[in-house]
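*Asks:* what shape does this take:
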Amino acid sequence: MTRADEPGGPDVATVEHHVVPRDHAFFGHPLGLFTLFGTELWERFSYYGMRAILLYYLTDSIANGGLGIEQTSGEALVAAYGASVYLVSVLGGWLADRVIGARRSVLYGGVVIAAGHVFLSVPGAGFTFTGIVLVALGTGLLKPNVSSMVGELYDRDDPRRDSAFSIFYMGINIGSLAAPFVVGAANEIWGYHAGFAVAAVGMAIALVFFVLGRGLLGGAGEVPPNPLTRADRVPVIRLFVAVGIGAAVAVVIAYLVQGDFTVDTFVDALSYIALAAPVATFWVMFRSPKVSAPERSRLRAYVPLFIAAMLFWMIFEQASSTLSTYAKDFTDRTVAGITISPTFYQSLNPGMIIVLAPVFAWLWLKLDDRPPTAVKFAIGLTFVALSFVFLGAAAWVAGDEKSPWWVLVVVYLIQTIGELCLSPVGLAATTLLAPKAFRGQAMALWFLATSAGNAITAQLVQATADVSNSAYFGGIGIVALVFAGGMFALSPWVTRHIREGADAVGGPAK
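*Replies:* Numbers count the residues shown, from 1 in each chain. Now for the predicted structure:
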C-alpha cells in the first residue's frame with residue numbers, strides 16, 4: 001500500500017519550530033527535507049520489497065526454499081502482519097510524543113527493521129518469524145514519526161509546507177515502485193533470502209541517510225512534545241496493564257477457538273486485538289468527562305467515516321495477500337512472449353499514484369475541493385468495492401482458466417482512483433472531528449482503521465478457504481458497495497457535523 005496520507009502531513013500539528021540550517025538549499029526547501037526524503041524512500045523500499053515476496057516465501061514448498069505453510073494460513077498471516085504494523089504504530093507515536101522523541105523513535109525503529117530483514121535473510125522458520133516480528137515492531141516505531149518530522153522543519157504558516165509533503169510523498173512512492181522489481185529480481189535469481197537481504201541493504205541505506213543528515217534537521221524530533229510527568233505514571237501503568245490483560249485474553253480465546261497453539265492461533269489473537277482496539281478507543285472517547293456534548297455529536301459523525309475507511313483498507317491491503325496469490329496462481333502473466341513476475345503487480349499502485357496524484361490535485365483545485373469529505377469517502381469506498389466486483393466477474397469468466405495479465409492492472413487502477421479520493425482527506429477529517437482532549441491521539445485512531453481492516457481480511461481468508469475466487473472477491477465487493485451506498489446516504493449528516501467541527505476549531509469546513 002502506498003498511501004497519499006502517510007502520517008504527519010500538513011494537517012497534523014507540529015511542535016515549536018526550530019532554526020533549520022540551509023533553509024532553502026533543496027529546491028527551495030531545507031536540506032533536512034532531503035534527509036527525510038532519502039530516509040523514507042529507502043525505508044519504503046525495504047518494506048515493500050519484503051512485502052512483495054513475503055507471501056510467496058511463506059507458502060512455497062520447502063524444496064523451493066519456502067516454509068511450506070498452507071496457502072490460507074499464509075494469506076491470513078500476511079494480513080495479520082499488516083494489522084500489527086499499524087497497531088504498533090500507535091505505540092510508536094505515543095513513545096515519540098511522551099518518552100523518546102521522534103528522532104530517536106525513527107533511529108531505533110530503523111535499526112530494528114534492519115535487524116528484522118537480516119533475520120529474514122537467514123534460512124529457518126525461527127529466523128523468519130523473528131524477522132517478521134522485528135520488522136513489524138521497527139516499522140511501528142518509524143512509520144508515524146519520520147513524516148511528522150517533516151512538519152517540524154516549517155512554521156505552521158510557511159507556504160512551503162504542502163509542497164514539502166508532496167516531495168516527501170514522491171519519495172515514498174519512488175521507493176515503493178522500485179522495490180518489487182529489485183527485490184523480485186534478486187529473489188528469482190538467488191532465492192527468497194537474497195531478496196530479503198536486498199531489503200536489509202535498503203534499510204541500511206535509509207539509516208545512513210538519517211544518521212548523516214541529523215545536523216540538517218535543526219533539532220526536529222529531538223524532544224518529545226508532551227513528555228511524561230510524575231502524575232502520569234499511575235495512569236500509564238494502569239493502561240499498560242489493561243492492554244497486557246486484553247492481549248492475554250485474546251490469546252486465550254484464540255487458543256480455545258483453534259484448540260492448539262499454531263500460526264493460526266496467533267493470527268486470530270492479533271486479529272481480535274486489532275478489532276478491539278478501535279472499539280475501546282471510541283468507548284473511552286465517548287465516556288470521557290473531558291468530551292463535551294458537541295464534541296460527542298461530532299464523534300458520532302466520525303464513526304461512519306471510520307467504518308468506511310476500515311472497509312476500504314480491508315480491500316486495498318489485500319494487495320500483499322489474496323491479490324498476490326491471484327497474480328501468481330490465477331493470472332496468465334505472459335505478455336508478448338515474456339512472462340511477467342507476479343511481484344511486478346506490487347509496483348502498479350505506486351506507479352499509478354505518481355502519475356495520477358497531480359491529476360487529482362488539479363481536479364480538486366478546479367472543483368474548489370468539492371465534493372465534501374464524506375462524499376469523497378463514499379466515492380473511494382465505491383471504487384475499491386468495484387475493483388473486487390470486477391475481479392470476481394473476471395474470475396467467473398475465466399472459470400478453470402487463468403485471467404489475462406491486464407485484469408489485475410485494471411483492478412489496481414480502480415483501487416488507486418479510490419485511494420486518491422479517500423486517503424488524502426482521511427487524517428484531516430480525523431483530526432477535525434476528534435474531541436479536543438484526544439486530538440493528539442487522532443493519528444492513532446486513523447491507523448486503527450487500517451489495522452482493523454487487515455484483521456478482517458485475516459479472518460475472511462480463513463473463513464472462506466473453500467470459496468471460489470469469483471464468490472470471494474465478488475461477495476466482498478458487493479457488501480462493500482452496500483456500505484458505500486450507506487455512506488452516500490449519511491454524507492449530508494456527516495458533512496453538517498464536519499462543518500460544525502470546523503467552526504469550533506476555526507478550520508476549513510469540507
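
*Asks:* how close does residue 331 get to residue 140?
*Replies:* 32 Å (Cβ to Cβ, to the nearest Å). No exception for glycine: its C-beta is placed from N, CA and C like everyone else's.

*Asks:* who has more neighbours, those two?
*Replies:* residue 140 (26 against 22; other Cβ atoms under 10 Å).

*Asks:* my read: the more buried one touches residue 92, true?
*Replies:* Yes: at 4.4 Å, residue 140 counts as touching residue 92 under the criterion of Cβ atoms under 8 Å.

*Asks:* which neighbours do those two share?
*Replies:* Residues touching both residue 140 and residue 92 (Cβ atoms under 8 Å, 6 or more residues apart in numbering): residue 109.

*Asks:* what ranges do the strands span in the stretch 401-510 of the chain?
*Replies:* Secondary structure of the stretch 401-510 of the chain (DSSP state E, counting those that start in this stretch): strands at 403-404.

*Asks:* quick one: the helices in it?
*Replies:* Taking DSSP state H, counting those that start in this stretch as the test, the helices found in the stretch 401-510 of the chain are 406-433, 442-463, 469-505.

*Asks:* is there a neighbour count for residue 28? I'd like the number.
*Replies:* Using other Cβ under 10 Å, residue 28 has 11 other residues around it.

*Asks:* same question, residue 470
*Replies:* Quick note: residue 470 (other Cβ under 10 Å) scores 17 neighbours.

*Asks:* quick one, what contacts it?
*Replies:* By Cβ under 8 Å, 6+ apart, the neighbours of residue 470 are 392-393, 395-396.

*Asks:* can you check residue 311 too?
*Replies:* 381, 453, 456, 480, 483.

*Asks:* nearest to residue 234, of those residues?
*Replies:* When the contacts of residue 311 are compared for distance to residue 234 (Cβ to Cβ), residue 453 wins out at 34.0 Å.

*Asks:* that closest one touches residue 312, doesn't it?
*Replies:* Yes: in this structure residue 453 lies within contact range of residue 312 using Cβ under 8 Å: 7.2 Å.

*Asks:* higher neighbour count, the two?
*Replies:* Neighbour count, other Cβ under 10 Å: between residue 453 and residue 312, residue 312 has more, with 30 against 26.

*Asks:* for my notes, confirm residue 295 occurs in a helix.
*Replies:* Yes: secondary structure assignment (DSSP: H, G, I helix; E, B strand; the rest coil) places residue 295 inside a helix.

*Asks:* wait, it touches residue 497, no?
*Replies:* No: with contact defined as Cβ under 8 Å, residue 295 does not count as touching residue 497 (10.4 Å).

*Asks:* the strand or helix carrying residue 176 packs against which elements?
*Replies:* Using DSSP states H and E, residue 176 sits in helix 161-190. For helix 161-190, the packing partners by 3 or more Cβ pairs under 8 Å, 6 or more residues apart in numbering; DSSP states H and E come out as helix 31-59, helix 125-152, helix 192-212, helix 348-366.

*Asks:* phi first, then psi, for the residue nearest to residue 330 when sequence neighbours are not counted.
*Replies:* Among residues not flanking residue 330 along the chain, residue 402 sits closest, at 5.6 Å (Cβ to Cβ, 6 or more residues apart in numbering). Dihedral pair for residue 402: phi -100, psi 150, per degrees, to the nearest 10.

*Asks:* neighbours around residue 402, how many?
*Replies:* Quick note: residue 402 (other Cβ under 10 Å) scores 16 neighbours.

*Asks:* next one: residue 459
*Replies:* Neighbour tally, residue 459, other Cβ under 10 Å: 17.

*Asks:* could you list every residue that touches it?
*Replies:* Going by Cβ under 8 Å, 6+ apart, residue 459 touches 76, 268, 271.

*Asks:* what residues sit buried inside the helix or strand that contains the first one?
*Replies:* Translated: residue 76. Per DSSP H and E, residue 76 falls inside helix 71-95. Residues of helix 71-95 classed as buried under the neighbour-count rule (16 or more other Cβ atoms under 10 Å) are 72-95.

*Asks:* ditto for stretch 354-366
*Replies:* Residues of stretch 354-366 classed as buried: 354, 356-357, 360, 364 (neighbour count, 16+ other Cβ under 10 Å).

*Asks:* what is the neighbour count of residue 193?
*Replies:* By the measure other Cβ under 10 Å, the count of residues near residue 193 is 19.

*Asks:* that should have said residue 24, apologies.
*Replies:* By other Cβ under 10 Å, 11 other residues sit near residue 24.

*Asks:* so who does it touch?
*Replies:* By Cβ under 8 Å, 6+ apart, the residues touching residue 24 are residue 30.

*Asks:* now swap in residue 449 and tell me
*Replies:* 278, 306, 309-310, 313, 426.

*Asks:* now, which of these lie within helices?
*Replies:* Members of these lying in helices (criterion: DSSP state H): 278, 306, 309-310, 313, 426.
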